[in-house]
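Q: predicted coordinates and the sequence they were generated for:
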Amino acid sequence: MNVIEFANKEYLFLLLLIIPYLIWHIMYKNKTESTIRVSDSSAYQYFPKSWRIRLMPVQILLRIIAFVFIVFAMARPQTNNSWNNEFVEGIDIMMVMDVSTRMLAEDLKPNRLEASKQVASEFIVDRPNDNIGLTIFAGEAFTQCPMTIDHASLLNLLKNVRTDIAARGLIQDGTAIGMGLANAISRLKDSKAKSKVVILLTDGSNNMGDLSPMTAAEIARSFGIRIYTIGVGTDKLAPYPKEVAGQIQYVYLPVEIDTKVLDDIARETQGSFYRATNTRELQYIYKEIDKLEKTKLSLKKYSKKYEAYQPFAIVAIISLLLEILLRITVFRKIP
């Protein structure tokens, strides 16, 4: 919707002259009109007013309208047509998540994997303009979801990652960090995005796979991929559920996170290493990564102004012509 603005607003103060004009007209109009003296006016009291008398205020009204619109035209009314051109440069992100049986440990509630899924979902929701994909790994790795901006589908696939996927033998158990990274790198290596990121989350050390984590990190660096690593799990013994005779019993296992390798991976690729011992720390870490990897937004604003005095000038001219026409015809005064 175009809004009219005035370039010379100071001219609008001339409208105040209407007030003294109306006062003058009311106070002195009788002095300028011809009069006839009669002995008794009662005979004329009930005479109907002629249409000429009824139309006399129209003259004043036309003069005021003409003056108002002349002032508006002098104030240079303009319409402003503006629009924005937005360009969003998103980031390509692959999330690499450990789904080994040790992720069922309940030092994070309800367990490490479910807590990680929840926090990762919040991270995805907060980045609507980025291409994000998901790789899951245990003793082997595969792509759960390729990079996409259809985050609804991504969130659904993330939600469907089962906490017992390795325990049921659907994927080989173990911790193949190098293979998980390699899978993510294969998805990012041909990306044209200026910023390419891998977020690796694991609770263990590399004990499976044909590719070492550091070799994968070197490959990532060669493609300009930055890796953020997160080691998740308590500093103490972690409660791990086991089914014994049809009942769930808990055994306490030590946390075996290879923090040195995770830190070396991050350093090799100019990323960062984080350690999360509870859900709150994990949420904080994802927020920190969110701050570090900002999506670029380019905003260009265009504005064009158009002169809009013509309608005001036309109304003023028509009003003046009508007033003059009435004055020399209907309201013509005889000297």
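A: Cool, got the structure.

Q: quick one, helices of this protein?
A: Ranges of helices in the chain, per DSSP state H, are 18-28, 51-74, 112-125, 151-159, 177-188, 213-222, 259-268, 279-292, 310-328.

Q: would you tell me which of the ones you listed gets closest to I199?
A: Among the helices of the chain, the nearest to I199 by Cβ to Cβ is helix 279-292 (6.4 Å). C-beta: built from backbone N, CA, C; applies to glycine.

Q: re earlier: nearest to P241, out of the helices of the chain?
A: Of all the helices of the chain, it is helix 112-125 that lies closest to P241, at 11.7 Å by Cβ to Cβ.

Q: which stretches of the stretch 101-250 of the chain have low pLDDT?
A: Of all residues in the stretch 101-250 of the chain, none has pLDDT under 70.

Q: tell me the strands in it, going along the chain?
A: Remark: strands assigned in the stretch 101-250 of the chain by DSSP state E, counting those that start in this stretch are 131-137, 141-148, 196-202, 225-232, 238-244, 247-253.

Q: each with direction, which strands does the fifth one pair with?
A: Read that as strand 238-244. strand 247-253 (antiparallel) (DSSP bridges).

Q: and the strand it pairs with, what's buried?
A: Residues of strand 247-253 classed as buried by neighbour count (16 or more other Cβ atoms under 10 Å): none.

Q: isn't I219 up against I185?
A: Yes: counting by Cβ atoms under 8 Å, I219 touches I185, with 5.7 Å between them.

Q: quick one: which of these two has more around it?
A: I185 (22 against 18; other Cβ atoms under 10 Å).

Q: need phi/psi at the residue most central in space within the chain.
A: Central residue of the chain (Cα atoms, centre = their mean): P128, 9.3 Å from the mean position. The phi/psi pair for P128 (degrees, to the nearest 10) reads phi -70, psi -20.

Q: give me the nearest residue to it, chain neighbours excluded.
A: H151 (6.7 Å; Cβ to Cβ, 6 or more residues apart in numbering).

Q: list the contacts for the one you found?
A: I124, V125, P128, I132 (Cβ atoms under 8 Å, 6 or more residues apart in numbering).

Q: can you give the domain ranges for this structure?
A: Listed by automatic domain parsing, the domain ranges of the chain are 4-30+48-82+304-328, 91-294.

Q: among those domains, which is the most enclosed?
A: Sort those by mean neighbour count, taking mean count of other Cβ atoms under 10 Å, and domain 91-294 sits at the top with a mean of 19.

Q: residue contacts, the closest residue to G204 other than its chain neighbours?
A: Of all residues not flanking G204 in the chain, T175 sits nearest, at 4.1 Å (Cβ to Cβ, 6+ apart). Counting by Cβ under 8 Å, 6+ apart, T175 touches D98, S100, R102, F137, A138, G139, T202, G204, S205, N206, N207, M208.

Q: now swap in Q78 and tell me
A: Neighbour list for Q78: I4, E5, F6, A7, K305, Y306, E307, A308 [criterion: Cβ under 8 Å, 6+ apart].

Q: quick check: closest non-adjacent residue to L211.
A: Among residues not flanking L211 along the chain, G178 sits closest, at 3.8 Å (Cβ to Cβ, 6+ apart).

Q: correct me if wrong: that neighbour contacts T215.
A: Yes: the pair G178 / T215 is scored as a contact, 6.5 Å apart, by Cβ under 8 Å.

Q: report the set of residues contacting both of the two.
A: Joint contacts of G178 and T215 (Cβ under 8 Å, 6+ apart) do not exist.

Q: quick revisit: reformat the strands of the stretch 101-250 of the chain as a markdown table; add distance to R327.
A: Listed next are the strands of the stretch 101-250 of the chain as a markdown table, based on distance: least, Cβ to Cβ, whole Å:
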| stretch | distance to R327 |
| --- | --- |
| strand 131-137 | 75 |
| strand 141-148 | 76 |
| strand 196-202 | 80 |
| strand 225-232 | 83 |
| strand 238-244 | 100 |
| strand 247-253 | 103 |
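
Q: so which of those gets nearest G271?
A: Closest among these, once you apply Cβ to Cβ, is strand 225-232, at 4.5 Å.

Q: in its sheet, what does that closest one sit against?
A: Sheet pairing here is set by DSSP bridges, and for strand 225-232 it gives strand 196-202 (parallel), strand 273-276 (parallel).

Q: OK, contacts around the nearest residue to E243 once chain neighbours are set aside?
A: Nearest residue to E243, sequence neighbours excluded (Cβ to Cβ, 6+ apart): Q249, at 7.8 Å. Contact partners of Q249, counting by Cβ under 8 Å, 6+ apart, are P241, K242, E243.

Q: before I go, just wanted to say thanks for your time.
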